[in-house]
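Engineer: sequence isn't available, so here's the structure alone:
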């Protein structure tokens, strides 16, 4: 197990509950390049305290989000044992979640100029990545600095009002600092 994998796993956004437990287990088993040894399904079930079906569902979900790739190296049956490659460069889900960048631009475009400071507009336009966690209705903003959190809190009512005008199903805005990579 590579200790760097824990730092990566703690910074991952968009994974919850048992799915996160499985991701932490895979991070624990993986080497510094993110590759796990051949893992039997029974070991994963036992260590994560999950049913066989739950393990399959969570692995498929993690694959769809782009965090894990299953290397099909099995023993007797396709799901007897597999190796996994963890994408240590990915910190947020891929796919439909990434379409939230357009939504973020619409929200910013809806805000009248007199309701927010010009400096705050400039700061919010520099958000590097955005994704919508649909089941929780949370809009995640991935940024380069911590300044964004203060700007979001200062303008929260304006942003929520703009989100309602756009018709976005947003309950909460979350700001995450993009992890520093070597």
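Structural biologist: Everything's here; your move. Given the structure is predicted, the values throughout are model-derived calculations rather than measurements.
Engineer: got any ranges where the protein has weak pLDDT?
Structural biologist: In the predicted model, the chain carries pLDDT under 70 at residues 1, 73-79, 95-98, 179-182.
Engineer: can you show me the helices along it?
Structural biologist: Taking DSSP state H as the criterion, the chain carries its helices at 4-11, 17-29, 41-48, 52-65, 100-110, 118-125, 147-154, 156-166.
Engineer: which one of these lies nearest to residue 175?
Structural biologist: Proximity to residue 175 (C-beta to C-beta) singles out helix 147-154 among the helices of the chain, at 4.5 Å. In short, each C-beta sits where N, CA and C put it, glycine included.
Engineer: what does the closest one rub up against?
Structural biologist: Contacts with helix 147-154, where a contact means C-beta atoms under 8 Å, 6 or more residues apart in numbering, come from 120, 123, 124, 127, 141, 159, 173, 175.
Engineer: centre of the chain versus stretch 42-50, how much separation?
Structural biologist: Relative to its parent chain, stretch 42-50 has a centroid offset of 23 Å by C-alpha atoms, centre = their mean, to the nearest Å.
Engineer: next one: stretch 29-36
Structural biologist: When distances are taken as C-alpha atoms, centre = their mean, stretch 29-36 is centred 19 Å away from the chain's centroid.
Engineer: so what would you say the end-to-end distance of that stretch is?
Structural biologist: Start-to-end span of stretch 29-36 (C-alpha to C-alpha, to the nearest Å) is 6 Å.
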